[in-house]
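Asks: This is the structure alone, sequence omitted:
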């Protein structure tokens with residue numbers, strides 16, 4: 001009996017010992033796995049925020065091996081996703097997302113966003129960018145708007161009524177400056193063409209974005225029936241000839257122009273909200289929240305260059321879901337907000353300071369109608385679109401620009 005007791009005691013001790021080792025190993029062994037991210041064009045200005053978000057995820061999940069690959073060509077991206085089952089996440093623009101979603105190469109993430117209450121946490125516009133036919137295939141990360149700012153103490157020198165809350169139409173202001181031979185600086189990300197940016201502001205007046213989405217890549221005959229696209233060129237021609245918004249009166253500048261407007265060195269500028277972080281606080285700058293022309297009143301277009309998408313044939317769905325869970329939490333965006341980076345997350349943007357806070361209003365009220373129109377057109381159409389826009393700003397309006405774009409796209 002004595003020996004039996006000792007034997008039982010020894011067994012119990014060994015069981016407890018190995019159980020403790022096992023538990024210890026469980027506690028010390030973090031989650032292991034890999035996440036392969038494919039990025040379409042990693043040279044855009046919003047990549048600071050995109051890279052910061054990925055870095056924050058890496059810090060929170062240090063044991064996960066994250067590999068990032070950049071590909072600029074749409075055809076190469078499509079081939080990479082279709083032929084190789086090694087990528088999990090695609091970060092791309094809306095045009096690419098629509099084309100790949102319709103071919104079944106990226107997945108529906110509606111359930112992920114719904115479960116994580118993304119519609120409550122994020123601004124409508126970054127959700128709209130990722131939505132196709134009432135399903136979500138992506139989530140926008142870094143949105144920015146194009147706005148006309150002015151020094152409230154300086155505009156009176158140019159015949160503008162400074163007592164008004166809103167000094168008037170962008171077109172009217174431009175016409176005043178044209179008459180005085182004054183050039184307007186424009187601050188844009190390096191990847192955005194000046195003419196294309198202006199056409200985006202104009203297009204929101206006349207285009208039904210949902211019509212473009214519904215008719216995405218419909219072919220030559222049906223595209224020619226979307227007559228509102230020619231109206232964009234017509235309005236650009238009016239702005240160019242009657243209001244003086246030409247390549248001669250507009251010039252590209254850098255982010256420092258915001259401080260110059262604040263100090264009164266320059267009275268006006270077109271800027272994006274990305275430039276807001278250059279100014280901690282503003283006492284003199286106001287934002288023109290009016291119309292492009294007297295006939296219409298709109299909110300500025302919102303540009304989102306990258307959306308996070310789930311690749312359909314990805315090898316590890318668990319890692320994809322873990323990453324999607326992370327990017328739909330408030331906490332990482334709060335950290336970005338403290339760094340002065342504007343995102344589509346409502347809570348994160350409450351940490352923005354100074355002038356960046358003032359530039360939030362277009363983002364907070366924007367919807368699908370504020371999507372940059374060229375992101376609802378096929379990728380292969382965009383170079384031809386830019387060619388025709390530039391011709392109008394060169395004074396070569398023909399009245400047949402949209403047909404030319406369609407013909408060149410579908411040769």
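Replies: That came through, no problem. Predicted model only: the values in this text are computed from it and were never measured.

Asks: in the chain, which spans are strands?
Replies: For the chain, the strands defined by DSSP state E cover 33-40, 64-71, 89-92, 131-132, 135-136, 139-140, 143-151, 184-187, 250-253, 268-272, 285-288, 302-304, 307-310.

Asks: Tell me which other helices or strands the third one touches.
Replies: When you say that, I think you mean strand 89-92. On a contact count with 3 or more Cβ pairs under 8 Å, 6 or more residues apart in numbering; DSSP states H and E, strand 89-92 meets strand 33-40, helix 74-83, strand 307-310. (Glycine included, C-beta is placed from N, CA and C.)

Asks: can you give me phi and psi for residue 350?
Replies: phi -70, psi -20 (degrees, to the nearest 10).

Asks: Distance-wise, check it relative to residue 357.
Replies: In this structure, residue 350 and residue 357 are 9 Å apart, going by Cβ to Cβ, to the nearest Å.

Asks: Neighbour count for the two, which is higher?
Replies: residue 357 (16 against 13; other Cβ atoms under 10 Å).

Asks: what sits against the residue nearest the centre of the chain?
Replies: Nearest residue to the geometric centre of the chain (Cα atoms, centre = their mean): residue 304, 1.2 Å. For residue 304, the contact set (Cβ atoms under 8 Å, 6 or more residues apart in numbering) comprises 46, 93-94, 125-126, 129, 140-143, 344, 371, 375.

Asks: Now it: closest residue in space that isn't a chain neighbour?
Replies: Spatial nearest neighbour of residue 304, chain neighbours left out: residue 140 (3.9 Å); criterion: Cβ to Cβ, 6 or more residues apart in numbering.

Asks: got any ranges where the stretch 51-200 of the chain has weak pLDDT?
Replies: Along the stretch 51-200 of the chain, segments meeting pLDDT under 70 span 160-172.

Asks: Try it again at 90.
Replies: Where the stretch 51-200 of the chain drops to pLDDT under 90, the residues are 72-73, 82-86, 145-184, 186-200.

Asks: can you map out the helices along it?
Replies: For the stretch 51-200 of the chain, applying DSSP state H, counting those that start in this stretch gives helices covering 74-83, 94-102, 110-115, 118-121, 124-129, 170-179, 194-206.

Asks: Pipe those into a markdown table and attach mean neighbour count and distance to residue 214 per row.
Replies: Converted to a markdown table, the helices of the stretch 51-200 of the chain look like this (neighbours: other Cβ atoms under 10 Å; distance: least, Cβ to Cβ, whole Å):
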| stretch | mean neighbour count | distance to residue 214 |
| --- | --- | --- |
| helix 74-83 | 15 | 21 |
| helix 94-102 | 22 | 11 |
| helix 110-115 | 16 | 19 |
| helix 118-121 | 15 | 22 |
| helix 124-129 | 23 | 14 |
| helix 170-179 | 19 | 30 |
| helix 194-206 | 22 | 16 |
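
Asks: In a markdown table: those, plus distance to residue 316.
Replies: Output for the helices of the stretch 51-200 of the chain, formatted as a markdown table (distance: least, Cβ to Cβ, whole Å):
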| stretch | distance to residue 316 |
| --- | --- |
| helix 74-83 | 15 |
| helix 94-102 | 19 |
| helix 110-115 | 15 |
| helix 118-121 | 22 |
| helix 124-129 | 25 |
| helix 170-179 | 49 |
| helix 194-206 | 38 |
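
Asks: which one of those helices lies closest to residue 64?
Replies: Set against residue 64 and scored by Cβ to Cβ, those come closest in helix 110-115, at 17.9 Å.

Asks: same for that closest one, what does it pack against?
Replies: strand 135-136, helix 317-327.

Asks: cutoff 6 Å now
Replies: Using 3 or more Cβ pairs under 6 Å, 6 or more residues apart in numbering; DSSP states H and E, the elements in contact with helix 110-115 are strand 135-136.

Asks: Go ahead and confirm residue 306 touches residue 94.
Replies: No. If you go by Cβ atoms under 6 Å, residue 306 and residue 94 don't touch, sitting 9.4 Å apart.

Asks: Overlap in contacts, these two.
Replies: With contacts taken as Cβ atoms under 6 Å, 6 or more residues apart in numbering, residue 306 and residue 94 have no neighbour in common.
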